[in-house]
Each structure stands twice: as structure tokens, then as C-alpha cells.
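Visitor: My questions are about this predicted structure, shown below with the sequence.
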Amino acid sequence: MKKLVSLLCASAMMLGMTACSGGDPTTAQSDGNSDSTVVKYSVVFASSGTQADGAAALGDLIEEHSDGRLKMEFYPSSQLGDKIATFEGLQIATIEMTECALTDLSTFNSMWSVFSLPYLWDSGEQAIQTIMDPAVIEVLEADMEANGFKVIAWTDLGSRSIVNTKRAINTPEDLHGLKIRCMEDAVLADATTAMGAIATPLAFSEVYTGMQQGTLDGADYQIPNVYASAWQEICPYMSLTEHFTIPDVVFVSKTWFDRLSAEDQQALLDAGKEFTEQWNNEIWPNATESAREGLESAGMTINEVDKEPFIQAVQPVIDDFLASATDDQKKLYDLLMETREKY
């Protein structure tokens, strides 16, 4: 992948950052402490909401476990660039940390496209437990390190369901004619089309305006993130199709990580481990419950869905994927299917 060094440096200069100033990118002044090591956390999600709350908790844990030697700086809403620019920043260590959906990593290895398959899991809890199983995590972390990333946390993001401005969705037929945004991934787009919608791959930053202006009829998202993004202001309907269940991973630049002291490396990993447990067992479950109440109080109609017709509709997408899958994709799919039976 081409490294857009000049673009990243320009962005950093505009934000008054030190990452491209010509000094050591592992150390910079933060909160008046010139001895602290800055951990720039670049993400696409907003500055408020459940994921932002999680970022604040992670920052606190990083500082706590490192006794203040590591200090996270939070850059939400793609301030340092989109996901591709951020990935490139991590590879050259001008950005230290980010998070993404597992499907985003197919940019580096098509193996990760397996996570795009619809109805791969029964729940987010099953997905995260399967991924964190020792047999699975070994494969995933090895590939990430090969591409220049060091994992510190795995997070359950629940399941994505249809939110739209037109009507409640109960069957695939109800999606006919609706332009539904999906993430920019071919398998996700094919599955969305198979469910009956007009799949519209689009950057997340354009979704709210698209639905507001009518160029989009809806999108898919998880309950807490719908609430955080204020989609209830323009979308009266959410239908719990729960068709994509894609966990997120939080990771840092391996180049940067390898330059840290052994003590700081362990502090970062310990913070990530504690955050993983806190997020998956407390922050996300509690947010899902409270956000649903908030959406319904705001007037959004949330309906349960018989998923079986949707599962049948997307089965050809799964069959086609597996028929043309690479050896790595087949191996990962088989490993996931075998391991998930434990959970």
C-alpha cells in the first residue's frame, strides 16, 4: 500500500500536532509533561456516544497502567484522515492507535472478508468469544502483526440492523426499492442486495446527510451507535434484522510499539486487556439497553424480525463466497465454524 506521508504530515500540521515535526514520534509534550509518550487515537466515530465513552475509558486505563508515562490523545470523526489514511499512519508510526471493524482488514489480507458474511453468528457475545478463543486469536494476531499492527483489545459491537426513513421491515420484500447504505465491502453489498435492498456502499461521514436529503433511504447500524449518531432525528424505523455481526479490534502501530520500553509495552497490553473485559461485560451491554430506551422515547419504532426469510435470502451469497474462497479464507471459515460451537 502506498504510504501517504505528505498527506498525513499536512493533516498533522493543521492540527498543531508533533507527529511529523521531525522529532521522535514516540515522545511529545502532553498535559505539560515532556516525559510522557503520546498515544494518538485516530477513529472515524463521533466525539460523543458509547464508542467515545469507551475511548475515554481506554485512555484512563492506559494512563493508569503506565503510571502516567503513556497519555492518549483522542482524535474522533476522522480528524486525522479516513481509515485508509489512518492505517498508513500506523504503518509508518505517525499515528499510534486506531480501531476498526474486522472486515476493514481485508485491505491487507482477503482472509478477513470472512467476517463480512451475513448471519455468521447467533449474537455479538458468541462472535467475540469465538474470536478470542486461543486457536482463533493466534491466527488473527499473527496476520495483523505481519501487516504492522499490534492488537491490544477486541470489542463486541453487537449486530447491525436496518434503520430507515420509509417503513418497518418485516420481510425481505419490505426492503424492495429502498436505497440502504452498507459499508464499502463487496460481500456486505451483495448480502444487502440479496436481502432485497438497493445496496449503496458509502463512507460513514456521508450517511446522515444522505438520509436527511433523501439520497439514501436508510442504513444498518447497532442500537447504541444509532442513538449516538442521532439517526432517530430523521429515521422513524429500526427493524432488528441483525444480519451483520462484526466485532471491532483496537490496535497500535507495531513499529511504534516495538520502540517502547518493555515496561510500557506491558502497561499498554494490560490496559487493553482490562478495557476488553470492561467493554464487553459492562460498557456495551449497558449502552445497548439504555440506547434502546432512548430511541423509543424519541419516537423511533423498533420491531423484532423473523430472521429466517432473511437468512434464506442471503444463503446464495454465502455459497458463492465459499465456492470461490481462497485457501486462507476457507481455513479461517472452518476454524470459526468449529470454534463457535463451544460458545
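Guide: It's in.

Visitor: Count the neighbours of the nearest residue to G89 once chain neighbours are set aside for me.
Guide: Leaving out its chain neighbours, the residue that sits closest to G89 by CB to CB, 6 or more residues apart in numbering is I95, at 3.3 Å. Bear in mind the C-beta positions are built from the backbone N, C-alpha and C, glycine included. I95: 29 surrounding residues under other CB atoms under 10 Å.

Visitor: swap in the one 10 residues further on?
Guide: Using other CB under 10 Å as the criterion, L105 is surrounded by 22 other residues.

Visitor: so what's it up against?
Guide: Residues near L105 by CB atoms under 8 Å, 6 or more residues apart in numbering: W112, D143, M144, N147, V249.

Visitor: at 6 Å what do you get?
Guide: Going by CB atoms under 6 Å, 6 or more residues apart in numbering, L105 touches W112.

Visitor: How about Y221?
Guide: R160, V163.

Visitor: Would you report the backbone torsion angles of it?
Guide: phi -170, psi 170 (degrees, to the nearest 10).

Visitor: Likewise for the one 4 residues further on?
Guide: Here the main-chain torsion angles of N225 (degrees, to the nearest 10) amount to phi -80, psi -30.

Visitor: Tell me the spacing between it and L105.
Guide: Computed as CB to CB, to the nearest Å, the N225 to L105 distance reads 20 Å.

Visitor: Check Q278 too.
Guide: 24 Å.

Visitor: next one: P76
Guide: Distance, P76 to L105, by CB to CB: 21 Å.

Visitor: what phi and what psi does the backbone show at A298?
Guide: Torsion angles at A298 (phi, psi; degrees, to the nearest 10) stand at phi -80, psi 0.

Visitor: Now the element after the helix or strand of the chain with the lowest mean pLDDT, going C-ward?
Guide: When each helix and strand of the chain is scored by mean pLDDT, DSSP states H and E, helix 5-14 comes last, with a mean of 39. Going down the chain from helix 5-14, the next helix or strand is strand 37-42, by DSSP states H and E.

Visitor: packing partners for that following strand?
Guide: Here strand 37-42 touches strand 70-75, strand 97-101, going by 3 or more CB pairs under 6 Å, 6 or more residues apart in numbering; DSSP states H and E.

Visitor: Let's see that with 10 Å instead.
Guide: With contacts taken as 3 or more CB pairs under 10 Å, 6 or more residues apart in numbering; DSSP states H and E, strand 37-42 sits against helix 5-14, helix 50-65, strand 70-75, helix 83-91, strand 97-101, strand 248-253, helix 254-259, helix 262-278.

Visitor: ranges for the strands of the stretch 201-343 of the chain?
Guide: Ranges of strands in the stretch 201-343 of the chain, per DSSP state E, counting those that start in this stretch, are 218-221, 237-244, 248-253, 301-304.

Visitor: could you dump the first one to PDB, C-alpha only?
Guide: Right, the one you point to is strand 218-221. The C-alpha coordinates for strand 218-221 follow below in PDB (Å, rounded to 0.1, in the frame of the first residue of the first chain):
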ATOM      1  CA  GLY A 218     -31.600   4.000   5.300                       C
ATOM      2  CA  ALA A 219     -28.600   2.200   6.600                       C
ATOM      3  CA  ASP A 220     -27.600  -0.600   9.000                       C
ATOM      4  CA  TYR A 221     -26.100   0.100  12.400                       C
END
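
Visitor: Sheet partners, orientation included, of it?
Guide: Note on strand 218-221: by DSSP bridges, its sheet partners are strand 160-164 (antiparallel), strand 179-182 (parallel).

Visitor: Nearest to D270, out of the ones you listed?
Guide: With respect to D270, and counting by CB to CB, the nearest of the strands paired with strand 218-221 is strand 160-164 at 31.0 Å.

Visitor: got the angle between the closest one and strand 97-101?
Guide: With axes from the mean of the first three to the mean of the last three CA atoms, to 10 degrees defining the directions, strand 160-164 sits at 80 degrees from strand 97-101.

Visitor: how far does strand 160-164 sit from the chain's center?
Guide: Computed by CA atoms, centre = their mean, to the nearest Å, the chain-centroid distance of strand 160-164 equals 16 Å.

Visitor: Let's test this: mean pLDDT of that strand, rounded?
Guide: Mean pLDDT, computed over strand 160-164, is 98.

Visitor: With stretch 192-207 instead?
Guide: Here stretch 192-207 scores 93 as its mean pLDDT.

Visitor: Equivalent analysis for stretch 210-222, please.
Guide: 97.

Visitor: Same question for stretch 304-317.
Guide: Mean predicted confidence for stretch 304-317 is 98.

Visitor: about what we covered before: which among the helices and strands packed on strand 37-42 is found nearest to T193?
Guide: That would be strand 97-101 among these, by CB to CB, at 19.4 Å.

Visitor: strands paired with that closest one, and their directions?
Guide: When pairing is defined by DSSP bridges, strand 97-101 lines up against strand 37-42 (parallel), strand 248-253 (antiparallel).

Visitor: For that strand, output the C-alpha coordinates as PDB.
Guide: C-alpha atoms of strand 97-101 as PDB (Å, rounded to 0.1, in the frame of the first residue of the first chain):
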ATOM      1  CA  MET A  97      -3.500   3.700  17.700                       C
ATOM      2  CA  THR A  98      -6.900   3.100  16.000                       C
ATOM      3  CA  GLU A  99      -9.800   0.700  15.900                       C
ATOM      4  CA  CYS A 100     -11.800  -0.800  13.000                       C
ATOM      5  CA  ALA A 101     -14.300  -3.500  12.100                       C
END
